[in-house]
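Undergrad: Generate a structure from the sequence data that follows.
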Amino acid sequence: MNATQTPRRALVVGASGISGQAVCRELGRQGWEVHGLSRSGFAADGAAAVRADLLDPASLAPIAGIRPEAVFITTWMRMDTEAENIRVNRAAMEHLMAAIEPAASVRHVSLMTGLKHYLGPFEAYAQGASADTPFHEDEPRIEIPNFYYAQEDVLFAAAERQGFTWSSHRSHTVIGFATGNAMNMALTLAVYAELCLATGEPFVFPGSEVQWNGVTDVTDVELLAEQMVWAAGTPAAANTAFNISNGDVFRWRWMWKQIAEHFGVPWEGHNGADRPLEPRVHELEGAWAGIVAEHGLVEPDLTRLASWWHSDSDLGRPLECFADMRRSRERGFDRTRVSVDSFLRAFERYREAGVLPRR
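TA: A predicted model of the protein is given here:
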């Protein structure tokens, strides 16, 4: 873009989350004018903050004045049941689609979903006829209600009615750096390792035997952001669903050792029984205050750093889980990441930010 061109304008919905923050950064790097919507009014990396609640249509009225060319949706609301997930997240999408319609400015909407598209929701995980690995985008939906499907259906209807294109981005476990967001396996495992170091407890793998021994992959959040922004400006990506993972695969029995050695903490693998974090780690949480005081860390509230249930759900899967990336490559997006580097780079950025101790 030269000095006489007007920047392209984007709206990032869920700008306070790990994925939303990364999308804001990538858009800014590419010269877009970025508006970040969140309930908290958080503004990431130069984005203009838009405080709004997707369940309150009146609060979304300012979107019409923004007149975004592209919208990036990186958020969802977790409820107690999948029926409630569907009801609430469908309503949120309907309100958002209605809010962007009056200005008629939107050319593309990128929606982040995930591999539960192939597996089913948390409450019915792998209970249906889930797809075989590696997951391919042309697999039919499974016969279990899923809020991802509800989000997509609202998006498809709005795209047809309003005349914009769409893309759907099915990420796996998202790894990266974000501030003020706990749904991040990299930070959760880093905090767990630091607690183990402080208490002398071993760094125990919390997941299933299938995850310990099976093939898996993860999604670097910067790669996810790059794909979502690429899709917004690439005709070949229009009206298409894409998997997005790093492009390599690994087994946790290898990765767990790499992470443990990075932190210098003794480790244990799967020993025949699942040992999830959430019921065990509360005995260790009291040590966090001492770690914060000793190292002068910036966040004493552990609930803002670690999401034990979220990592338990990813690592406790009872089946192998990884995705095929061929469709992206055929359409022109061929970027990759090395997964162990995604973890180590995230750890270092949290140290630089004063969230983790420098070692």
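
Undergrad: where does the chain have low pLDDT?
TA: 1-5, 124-130, 181-183 (pLDDT under 70).

Undergrad: Grab the longest helix from it for me.
TA: helix 82-100 (DSSP state H).

Undergrad: Quick check: buried residues in it?
TA: Buried residues in helix 82-100, counted by 16 or more other C-beta atoms under 10 Å: 82, 85-86, 88-97, 99-100. For the C-beta atoms, the positions are set from N, CA and C on the backbone; glycine is no exception.

Undergrad: Stretch 296-309 too?
TA: For stretch 296-309, by 16+ other C-beta under 10 Å, it's 297, 299, 302, 305-309.

Undergrad: Can you list which of the residues you listed are found in helices?
TA: Members of those lying in helices (criterion: DSSP H): 308-309.

Undergrad: Throw the buried residues of stretch 296-309 into TSV and include distance to residue 63, thanks.
TA: Formatted as TSV, the buried residues of stretch 296-309 follow (distance: C-beta to C-beta, whole Å):
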residue	distance to residue 63
297	37
299	31
302	35
305	31
306	33
307	29
308	35
309	32
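
Undergrad: and which of the buried residues of stretch 296-309 is nearest to residue 275?
TA: For the buried residues of stretch 296-309, the residue nearest residue 275 by C-beta to C-beta is residue 308; the value is 12.0 Å.

Undergrad: The closest residue to residue 54 other than its chain neighbours and residue 59: what is the separation?
TA: Leaving aside its sequence neighbours, residue 54 sits nearest to residue 92 (C-beta to C-beta, 6 or more residues apart in numbering; 3.7 Å). Residue 92 sits 12 Å away from residue 59, going by C-beta to C-beta, to the nearest Å.

Undergrad: ditto for residue 322
TA: Residue 322 is 39 Å from residue 59, by C-beta to C-beta.

Undergrad: These two - which one has more neighbours?
TA: More neighbours surround residue 322 than the other of residue 322 and residue 59, with 20 against 17 (other C-beta atoms under 10 Å).

Undergrad: tell me the contacts of the more buried one?
TA: By C-beta atoms under 8 Å, 6 or more residues apart in numbering, the contact set of residue 322 is 133-135, 172, 215-217, 245, 249.
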